[in-house]
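Engineer: got a sequence here, can you build the structure:
(one chain, ligands or ions: 1)
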Amino acid sequence: MKKIITYGTFDLTHIWHIRILKRAKSLWDYLIVGVSSDEFNAKKWKKCSFSYQERKEIVSSIRYVDEVLEEHSWQQKRNDIIRHNIDVFVIGNDWKWKFDDLNDICEVIYLPRTDDISTTEIKDKIQAWIY
Ligand code: C2G
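Structural biologist: Numbers count the residues shown, from 1 in each chain. The predicted structure follows:
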């Protein structure tokens, strides 16, 4: 069984979050998603609309996702990959090359990201609609 892992904030989960998870699961057998904790998001300078627990609940309910873990730091990926016996690390290509250091313990794949939507843009759209 080929195991794959990815990480993200997954705030205001939208179609491209779903599609990257769908594509990851279509390629391998078991998908683990590391959802960024509220504290780690603060370090990423990301202000979330939903708490970690809410974002975890949403991601856990996506049928492509087999397991969810909490992402506390940039550095935890290596331990997660070893501990969970991961074959492939995948993430959107907005992170291209950023995690190449992991390729000594697993395959590293950057999937094409779609730039016509992001959580920030969704928030802007909602703001514009309200005001
Ligand atoms: N994504 C995408 N297309 C978008 C937006 C996001 O393919 N329009 C992908 C990102 O490339 C990432 C995943 O969806 O693979 C989650 O994106 P975010 O929730 O924005 O996560 P991010 O802030 O990039 O955190 O350690 C890695 C970080 O936790 C990633």
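
Engineer: in this structure, what residue lies closest to the ligand?
Structural biologist: residue 92 (1.8 Å; CB to the nearest ligand atom). (Each C-beta comes from the backbone N, C-alpha and C, glycine too.)

Engineer: next one: phi and psi at that residue?
Structural biologist: Dihedral pair for residue 92: phi -70, psi 150, per degrees, to the nearest 10.

Engineer: so it touches residue 20, yeah?
Structural biologist: Yes: look at residue 92 against residue 20 with CB atoms under 8 Å: they come within range, at 5.8 Å.

Engineer: so those two - more neighbours on which side?
Structural biologist: Neighbour count, other CB atoms under 10 Å: between residue 92 and residue 20, residue 20 has more, with 21 against 18.

Engineer: report pLDDT for the more buried one.
Structural biologist: Note on residue 20: pLDDT of 89.

Engineer: let me see the contact set for it.
Structural biologist: 6, 90, 91, 92, 111, 113 (CB atoms under 8 Å, 6 or more residues apart in numbering).

Engineer: also residue 34?
Structural biologist: Neighbours of residue 34 in contact, by CB under 8 Å, 6+ apart: 5, 6, 7, 8, 68, 69, 70, 71, 76, 77, 80.

Engineer: same thing with residue 76?
Structural biologist: Residue 76 neighbours (CB under 8 Å, 6+ apart): residue 34.

Engineer: so where do the strands sit in the chain?
Structural biologist: For the chain, the strands defined by DSSP state E occupy 3-8, 30-36, 67-71, 88-92, 107-111.

Engineer: so which of these gets nearest residue 119?
Structural biologist: For the strands of the chain, the distance to residue 119 is smallest for strand 3-8, at 9.9 Å, taking CB to CB.

Engineer: number of nearby residues for residue 57?
Structural biologist: 13.

Engineer: just the pLDDT for it.
Structural biologist: In this model, residue 57 carries a pLDDT of 97.

Engineer: before we move on, back to that, shared neighbours, residue 92 and residue 20?
Structural biologist: 111, 113.

Engineer: okay, buried residues for stretch 111-125 please.
Structural biologist: 111, 113, 118, 119 (16 or more other CB atoms under 10 Å).

Engineer: return the member of those nearest to residue 50.
Structural biologist: For the buried residues of stretch 111-125, the closest approach to residue 50 (CB to CB) belongs to residue 119, at 10.0 Å.
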